[in-house]
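In: This is a predicted model, with the sequence first.
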Amino acid sequence: MLAALENLDLVIALRRSVWAYPIISWLHILGIGLLFGSIAVVDLHLLGLMRKLDGSAVRRSLVPVAIAGFCLAAATGVLLFAPAAREYLASPFFRLKLLLLLLAGGNAVLLRMIDHRSLRAAAPLCGLASLALWVSIIFAGRMLAFG
């Protein structure tokens, strides 16, 4: 299945293009920047480090930016994965990154449930977990490129 993915016409064209892969990589980094930059502010607020900011305004403004950044990073991540799918899947860093992404998604769902149930005591722990997970995801991704 992964070999078939690597041999799709779009993926072959992507591999052969001088510009496509670097542009997609740049867009991936842009998505990560939007995601992490906005979610870090939300998480720091949850940790009580930005008390002067209105929490609901922070979430209303920055969570959509984080979601957009995630969508851009995920879409471009698939395109970066496809040309070397078998190689990436064999990497422990890639598998770690997928596991961490799953945990980050679960943490976001938990935080959303906490927000709706007004169980504020757990919010700082979710914020700390989010920061740690996203930093680790970024590290695992960099290790894919350089490890």
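Out: In hand now; what should we look at?
In: Now do residue 76: how many residues are near it, please.
Out: 20 (other CB atoms under 10 Å). For the C-beta atoms, the positions are set from N, CA and C on the backbone; glycine is no exception.
In: quick one, what contacts it?
Out: Residue 76 is in contact with 24-25, 27-28, 31, counting by CB atoms under 8 Å, 6 or more residues apart in numbering.
In: now, which of those lie within helices?
Out: Mapping these onto helices (DSSP state H) picks out 24-25, 27-28, 31.
In: following the helix or strand of the chain with the lowest mean pLDDT, which helix or strand shows up next?
Out: The helix or strand of the chain with the poorest confidence is helix 92-117; it has a mean of 89 (mean pLDDT, DSSP states H and E). Next helix or strand after helix 92-117 toward the C-terminus (DSSP states H and E): helix 123-146.
In: what residues does that next one touch?
Out: With contacts defined as CB under 8 Å, 6+ apart, helix 123-146 is touched by 32, 35-36, 39-40, 42-48, 88, 91, 93-94, 96-97, 100-101, 103-104, 107-108, 110-111, 114-115.
In: Go through it and flag the buried ones.
Out: 123, 126-127, 129-131, 133-134, 136-138, 140-141, 144 (16 or more other CB atoms under 10 Å).
In: what angle separates that helix from helix 92-117?
Out: 160 degrees (axes from the mean of the first three to the mean of the last three CA atoms, to 10 degrees).
In: can you give me the mean pLDDT across helix 123-146?
Out: Per-residue pLDDT values over helix 123-146 give a mean of 94.
In: In CSV, list the C-alpha atoms belonging to it.
Out: Presented in CSV, the C-alpha positions along helix 123-146 are these (Å, rounded to 0.1, in the frame of the first residue of the first chain):
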residue,chain,number,x,y,z
ALA,A,123,-7.0,23.1,32.9
PRO,A,124,-3.5,24.0,33.9
LEU,A,125,-2.4,20.4,33.7
CYS,A,126,-3.9,20.2,30.2
GLY,A,127,-2.1,23.4,29.2
LEU,A,128,1.2,22.0,30.5
ALA,A,129,0.6,18.7,28.7
SER,A,130,-0.2,20.6,25.5
LEU,A,131,3.0,22.6,25.6
ALA,A,132,5.1,19.5,26.3
LEU,A,133,3.4,17.5,23.6
TRP,A,134,3.7,20.1,20.9
VAL,A,135,7.3,20.8,21.7
SER,A,136,7.9,17.0,21.5
ILE,A,137,6.0,16.7,18.2
ILE,A,138,8.2,19.4,16.7
PHE,A,139,11.3,17.8,18.0
ALA,A,140,10.3,14.4,16.6
GLY,A,141,9.6,16.0,13.3
ARG,A,142,13.0,17.7,13.2
MET,A,143,14.6,14.4,14.1
LEU,A,144,12.9,12.9,11.0
ALA,A,145,14.8,15.4,8.9
PHE,A,146,18.1,15.2,10.6
